[in-house]
Every structure is written in C-alpha cells, then in structure tokens.
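Colleague: Just the structure for this:
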Amino acid sequence: MKRYGRLLVSLALLGVVAMTIKPAEVVTVLQRLPAWSLVAALALSIPQVVLSALRWRYTAYRLDLPLGAGESVAAYYRATLVNQIMPGGVVGDVERAWRARHPEARTSAAAHSVMIERLSGQLALVLTITALLVIAPPFALPGPQLSGQWLWGAALVLLLAIAAGRLPRVRDYSALLRADVHTALFRWPAPVIQLALSLAVVATYFATLALLDASIATQPLTLEKLALHACLLLSMVLPVSIAGWGVREGVAAALWPLAGLPANEGVALSIAYGVVILLGGLPGLIPVPGGKPRST
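Modeller: Numbering: from 1, shown residues only. Okay, here's the model as predicted:
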C-alpha cells in the first residue's frame with residue numbers, strides 16, 4: 001500500500017481539482033494550444049536534458065569519475081523518463097548512479113556525483129524562485145500587516161522545509177561526501193560552472209512554461225505570471241506525488257484566481273507542462289549499446 005501512496009495522492013488531488021473547476025473548461029483551454037507550440041516546448045527539453053547531463057558529467061569529472069558525454073546524455077534521458085513514471089522520483093537517479101560506476105574510480109564517486117548534481121540543480125532553482133517571488137509577488141493580501149512579500153516569503157520557507165527531504169543531507173553522511181560536495185560545488189572554478197549550467201537548465205523550465213502560457217492564456221505574459229510559474233515549479237519539488245501530478249494542478253487552481261486570472265488556464269498550463277515533461281523523456285526508451293555497469 002505504501003508503494004502506491006504517491007499515486008493515490010496524485011489521483012486524489014486531481015479529483016479535488018476536477019470537483020472545484022469544470023474539466024470541460026480546462027479542455028477548451030488546452031484546445032487553444034497549437035501544434036507548433038507543443039513541438040517547440042518539446043524541443044526545449046533537448047537542451048534541458050543535455051545541459052543537465054553536462055552538469056552531471058562535470059560533477060563526475062570533479063570527483064575523478066570518467067563519464068562520456070554521450071553516455072551521460074543517454075543515462076539522463078533514461079533517468080528522466082523513469083522518474084516521471086515511478087513513485088519516489090529518484091528511481092531513475094539511482095539507476096544512473098549504478099550504471100556510472102567505474103573500476104578506476106572509488107565506489108562512492110558514482111552515487112555522490114548524482115546526489116551533488118541534483119543538489120546543484122535544486123539550489124539554482126530555489127535561488128531563481130526566491131528572486132521571482134520577492135521581486136514580483138503575483139498577488140498581495142490587503143491590509144497593512146500582511147504584504148505579498150511576507151506571504152510568499154512564509155510560503156517559500158514552509159515549502160522548502162517540506163521539500164528538504166529531497167536534498168542530500170550532508171550532515172548525515174560521511175566526511176567523504178562533505179569533501180565531495182566541497183570539491184564538486186564550491187572549489188574554484190566549480191561554483192561558476194555549476195551555477196551557469198544549473199541556471200541554464202532552470203531557464204529552460206521557465207521558457208517552456210512561458211511558451212505554453214503564451215499559447216493558451218488570454219492575459220499577456222508578465223513578471224507576475226513568471227512568479228506563478230515559479231510556484232508551479234516549486235510545487236513539483238514536494239515529494240508527495242508522482243512527478244508533481246495533482247500538486248501542480250492544485251497549486252494552479254488555487255493561485256491563479258488569487259492573481260485575478262482564470263483557474264482553468266492555470267490548470268491547463270500545469271497539465272500541458274506535465275505532458276511535455278513526460279513526452280520529453282521518451283528518448284529514454286531508445287536502447288543504448290553497452291548498457292551494463294562499467295564495473296563488471
């Protein structure tokens with residue numbers, strides 16, 4: 001039963017969303033999405049995966065773990081797809097760490113490279129989302145005691161506290177992992193390269209959402225809308241559903257009306273984004289020669 005808990009959460013939340021808004025209206029909004037927009041959004045998944053794979057390869061390089069460019073991209077596509085369809089959202093990462101083992105590298109290097117690569121991406125995502133929510137809160141509650149900035153600051157702290165379970169807890173691991181984090185993330189020139197790659201990946205997230213939003217929404221794209229997009233991305237970090245399904249749509253249904261926007265457009269955007277992510281991982285189904293772990 002515990003294995004299917006996240007699936008049940010996703011289904012339950014999607015059911016609640018379906019009861020609070022009219023599904024037919026969401027379908028009507030989705031019908032506005034032109035084919036070219038969907039193709040363009042899927043095209044953005046290519047640099048997203050490639051840049052993520054390069055980030056992983058660079059992290060592995062910092063840990064003296066040999067990892068080929070093509071090998072890293074293929075493994076990342078496979079992990080992206082598996083994470084979309086398997087409960088937990090980390091099964092694909094475990095698999096790519098297992099296959100990345102190398103007889104000339106220490107045993108822990110492969111696992112640490114994946115953990116630190118994920119950490120690099122999460123830190124850049126949190127940094128970007130925080131900046132957007134502070135600069136352009138999508139709505140503000142009335143009253144002198146409660147501003148939009150304070151509201152979003154409190155929400156961000158709460159969500160990050162819940163999401164912290166998905167980040168490697170360095171203090172709970174060995175000194176070796178702490179040393180690896182320092183080497184791969186903080187020892188020069190790693191901070192610049194890691195941040196540049198991670199921000200480029202985050203940019204593809206927002207570009208995909210902006211492209212889909214511009215294709216289906218009745219209101220023009222604004223900085224406040226990008227802050228709403230940030231909320232969707234932040235909701236997907238919460239480790240309670242499968243690939244963010246249900247949570248993402250629930251956040252859209254709740255926040256879009258507070259920002260004076262149609263709830264059906266927010267939900268339609270979240271569904272379209274989820275579909276694009278899933279379809280973007282389909283190249284992971286392509287068999288790659290030499291799929292056995294390199295330690296054998």
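Colleague: so Leu212 touches Gly274, yeah?
Modeller: No: Leu212 is beyond contact range of Gly274, at 10.6 Å (criterion: CB atoms under 8 Å). For glycine as for every other residue, the C-beta is placed from the backbone atoms N, C-alpha and C.
Colleague: These two: who's more crowded?
Modeller: Neighbour comparison, Leu212 and Gly274: the larger count goes to Leu212, with 26 against 19 (by other CB atoms under 10 Å).
Colleague: Could you check which helix or strand contains that one?
Modeller: In this structure, Leu212 is located in helix 190-216 according to DSSP states H and E.
Colleague: elements contacting the helix or strand that comes right after that helix?
Modeller: Helices and strands here follow DSSP H and E; after helix 190-216, the next one along the chain is helix 223-235. For helix 223-235, the packing partners by 3 or more CB pairs under 8 Å, 6 or more residues apart in numbering; DSSP states H and E come out as helix 107-135, helix 148-163, helix 190-216, helix 247-258, helix 263-280.
Colleague: Ok, which of those comes nearest Ala100?
Modeller: Ranking the helices and strands packed on helix 223-235 by proximity to Ala100 (CB to CB) places helix 107-135 first, at 4.2 Å.
Colleague: could you give the angle of that closest one to helix 190-216?
Modeller: If you take axes from the mean of the first three to the mean of the last three CA atoms, to 10 degrees, helix 107-135 sits at 50 degrees to helix 190-216.
Colleague: any idea how far helix 107-135 is from the chain center?
Modeller: For helix 107-135, the separation from the chain centroid amounts to 10 Å (computed by CA atoms, centre = their mean, to the nearest Å).
Colleague: Packing partners of it?
Modeller: The helices and strands touching helix 107-135, judged by 3+ CB pairs under 8 Å, 6+ apart, are helix 35-62, helix 91-99, helix 148-163, helix 175-181, helix 190-216, helix 223-235.
Colleague: taking the ones you listed together, which one is wrapped up most tightly?
Modeller: Counting by mean count of other CB atoms under 10 Å, helix 223-235 has the highest mean neighbour count of these, with a mean of 22.
Colleague: that older thread, so for the helix holding Leu212, what's the average pLDDT?
Modeller: In this model, helix 190-216 has an average pLDDT of 94.
Colleague: Good, we can wrap up now.
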